[in-house]
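Participant: Next input, structure requested:
(one chain, ligands or ions: 1)
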Amino acid sequence: MTDVLSPRVLLISSREDARREMLRIGVCEGGIDAMEPKIRAIVVKVAGASIPAAHVLKQQMLSLGGDAAVHKDVITHGVDSTDVLLMGTYRQLRGLVEKLSWQPFEMPALGERIADLLDSFDSSPRHVLRARAHTLDLARRVHVMGILNVTPDSFSDGGAYERPSAALDRAMTMVDEEVDIIDVGGQSSRPGSQPVTQDEELTRVVPVVERLSQEWSGPISVDTYRARVAEEAIKAGASMVNDITAMREEPGIASVAAEAEAAVVLMHMQGTPATMQEDPSYDDLMGEVTAFLKDAVDRAEAAGVGPDQIAIDPGIGFGKTTEHNLAILRRLPELAVVGKPVLVGPSRKRFIGSLLDLPVDDRLEGTLAAVAYSVAQGARIVRVHDVAPVVRVVRVVEACLTSNE
Ligand code: HH2
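Facilitator: Numbering: from 1, shown residues only. Okay, the predicted model is just below:
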């Protein structure tokens with residue numbers, strides 16, 4: 001029998017966890033509904049609040065039994081504005097939303113935004129990704145995107161699959177290894193790389209997409225920021241556009257994707273591949289990455305890309321130091337605020353090499369660790385070179401995530 005004097009800590013990280021534990025001790029259904037929002041806590045950051053707004057937030061959170069952290073000089077009006085950390089249970093934060101609805105100035109609008117935020121963090125998102133004829137059920141299963149670089153100079157597999165027949169062989173090997181998506185790229189984006197001409201990119205990519213789509217009925221993605229390359233690849237059978245510039249380089253790519261009902265991957269990058277690793281720096285890493293991705297999503301949707309046709313990617317290695325990359329993986333769940341499925345591409349990248357002091361060919365274990373951790377942190381698509389071992393790792397992590405004992 002359990003010793004009543006041995007209290008222990010439970011890990012409650014989801015609604016489901018909360019309900020299960022209450023059911024286990026015999027709480028009635030009504031009690032479970034009432035207490036489930038009280039069981040989990042959340043911290044919400046409000047940037048740049050005016051001093052009156054900060055006072056309202058502090059008072060209301062205290063009245064609800066929570067609290068709000070503000071700048072030390074708010075009390076003496078020694079600052080014009082302050083960031084605010086709202087801390088409380090879901091129940092208290094929902095109470096705040098209610099109270100803000102009858103407050104003056106910008107408070108009701110802030111309340112609505114907090115309500116949206118609570119909605120996106122309060123339940124497991126049922127993400128699907130529509131890509132022309134394909135519907136990828138990302139809620140059910142993490143998808144593995146296999147990299148097929150048809151380039152002479154990619155950082156890890158450059159030159160290996162330049163001939164279309166070699167590329168096709170490689171693709172079919174990935175299919176045997178149970179890849180979900182194949183991402184065909186005709187231009188390296190490794191740090192310091194220079195762009196190739198559009199004609200060269202077309203010559204590399206289109207024949208491979210065409211032949212692959214004849215051999216395989218799964219979703220083919222094209223790794224390009226050029227509207228014309230995306231258009232030709234789609235005509236040749238691609239159903240997804242992976243744009244490392246998040247449609248900033250050639251905004252016309254958004255309408256190409258929208259028209260074809262292709263899926264898009266919008267990736268964060270600071271700078272351009274030619275210069276991005278010179279001195280990457282951020283004042284607020286996750287704040288900047290999420291704001292960038294939200295803006296990219298808004299632009300894509302404004303151009304007609306469907307809300308369920310967009311995935312986001314924090315861009316591991318694109319204008320980031322090793323520390324930045326590690327922090328992004330650790331704080332990956334924060335990207336839920338954007339409301340789209342997350343893709344992560346850590347495969348064989350330099351941050352793994354610098355952590356382990358290993359060359360690109362010896363980064364498999366490091367890649368697998370980064371993939372496992374990313375999936376545990378909420379990534380729903382992983383972009384990798386080593387499909388077979390990654391599929392095995394992903395299946396095991398998924399099983400842990402969905403265990404319900
Ligand atoms: N990384 C690379 C290229 N494309 N696309 C997305 N969405 N996310 C990534 O992290 C990403 C990407 C760079 O890796 P690789 O394709 O292996 O190398 P190269 O750019 O040298 O061809």
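Participant: alpha carbons only for contacts and neighbour counts from here, please
Facilitator: Fine.
Participant: Report how many residues lie close to Gly88.
Facilitator: 23 (other CA atoms under 10 Å).
Participant: Bridged to it, which residues?
Facilitator: Going by DSSP bridges, Gly88 is paired in beta bridges with Ile42.
Participant: Touching, it and Gly66? I think so.
Facilitator: Yes. The pair Gly88 / Gly66 is scored as a contact, 4.7 Å apart, by CA atoms under 8 Å.
Participant: Run through the residues of the protein sitting next to the ligand.
Facilitator: Within the chain, the residues that sit near the ligand (CA under 6 Å from any ligand atom) are 149, 154-155, 188-190, 242, 244, 265, 267, 313, 315-316, 344-345.
Participant: Spatially, what comes nearest to the closest residue to the ligand within the stretch 201-350 of the chain if we skip its sequence neighbours?
Facilitator: Residue nearest to the ligand within the stretch 201-350 of the chain: Gly345 (3.6 Å; CA to the nearest ligand atom). Nearest residue to Gly345 in three dimensions, chain neighbours excluded: Arg383, at 4.7 Å (CA to CA, 6 or more residues apart in numbering).
Participant: Contacts only, for the residue nearest in space to the middle of the chain.
Facilitator: For the chain, Val342 is the residue whose C-alpha lies nearest the centre (CA atoms, centre = their mean; 2.6 Å). Neighbouring residues of Val342 by CA atoms under 8 Å, 6 or more residues apart in numbering: 311-313, 335, 378-381.
Participant: Kindly indicate which of those residues lies nearest Ser13.
Facilitator: Lowest distance from Ser13 to the contacts of Val342 (CA to CA) belongs to Gly378, with 12.5 Å.
Participant: Distance of the closest one relative to Gln214?
Facilitator: From Gly378 across to Gln214, the span is 33 Å (CA to CA, to the nearest Å).
Participant: okay, the two: which has more neighbours?
Facilitator: A direct count of neighbours by other CA under 10 Å for Gly378 and Gln214 places Gly378 higher, at 22 against 11.
Participant: isn't that one right next to Pro333, touching?
Facilitator: Yes. Using CA under 8 Å, Gly378 is in contact with Pro333, at 6.0 Å.
Participant: okay, now the residue of the stretch 201-350 of the chain closest to the ligand: neighbour count?
Facilitator: Counted with other CA under 10 Å, Gly345 comes out at 23.
Participant: thought it was touching Val382?
Facilitator: Yes. Assessed by CA under 8 Å, Gly345 is found in contact with Val382 at 5.9 Å.
Participant: still on that earlier bit, from His268, how far off is the residue nearest to the centre of the chain?
Facilitator: From Val342 to His268 the distance is 12 Å (CA to CA).
Participant: Sort out for me which of the residues of the chain next to the ligand are in strands.
Facilitator: Residues of those located in strands (DSSP state E): 149, 242, 265, 267, 313, 344.
Participant: now the residues you listed as CSV including pLDDT and neighbour count?
Facilitator: Formatted as CSV, those follow (pLDDT from 0 to 100; neighbours: other CA atoms under 10 Å):
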residue, pLDDT, neighbour count
Asn149, 92, 27
Asn242, 98, 24
Val265, 98, 24
Met267, 98, 25
Asp313, 98, 28
Val344, 98, 25
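Participant: Considering these, which is situated nearest to Leu96?
Facilitator: Out of these, the member with the shortest distance to Leu96 (by CA to CA) is Asp313, at 31.6 Å.
Participant: coming back round to it: which one of the ones in strands among the residues of the chain next to the ligand sits closest to Leu117?
Facilitator: Using CA to CA, these come closest to Leu117 at Asp313, 19.3 Å.
Participant: partners of that closest one in the sheet?
Facilitator: Met267.
Participant: For it, give me its contacts.
Facilitator: For Asp313, the contact set (CA under 8 Å, 6+ apart) comprises 265-268, 342-345.
Participant: which pair in the contacts of Val342 spans the largest distance?
Facilitator: Among those, Leu335 and Ile381 lie farthest apart (CA to CA), at 13.8 Å.
Participant: closest point of the stretch 1-150 of the chain to the ligand, which residue?
Facilitator: Asn149 (5.7 Å).
Participant: Return the distance of that residue relative to Glu201.
Facilitator: Separation of Asn149 from Glu201 (CA to CA): 11 Å.
Participant: list residues touching both of the two?
Facilitator: The contact sets of Asn149 and Glu201 overlap at 186-187 (CA under 8 Å, 6+ apart).
Participant: Do a quick rundown of the helices in the stretch 201-350 of the chain.
Facilitator: With DSSP state H, counting those that start in this stretch as the criterion, the stretch 201-350 of the chain has helices at 227-236, 253-260, 285-302, 322-330, 350-356.
Participant: want to try CSV for those helices, with mean pLDDT and mean neighbour count as columns?
Facilitator: CSV is the format used below for those (pLDDT from 0 to 100; neighbours: other CA under 10 Å):
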stretch, mean pLDDT, mean neighbour count
helix 227-236, 98, 22
helix 253-260, 98, 21
helix 285-302, 97, 18
helix 322-330, 98, 17
helix 350-356, 97, 17
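Participant: Out of those, which gets nearest to Val209?
Facilitator: Proximity to Val209 (CA to CA) singles out helix 227-236 among those, at 6.0 Å.
Participant: Leu23 in helix, strand or coil?
Facilitator: With DSSP: H, G, I helix; E, B strand; the rest coil as the basis, Leu23 sits in helix.
Participant: Could you report the neighbour count for it?
Facilitator: 14.
Participant: contacting residues around it?
Facilitator: Leu23 touches Ile32, counting by CA under 8 Å, 6+ apart.
Participant: do Arg228 as well
Facilitator: By CA under 8 Å, 6+ apart, the residues touching Arg228 are Ile253.
Participant: Next: Met61.
Facilitator: By CA under 8 Å, 6+ apart, the contact list for Met61 reads 67-68, 86-88, 92-93, 96.
Participant: All set now, cheers.
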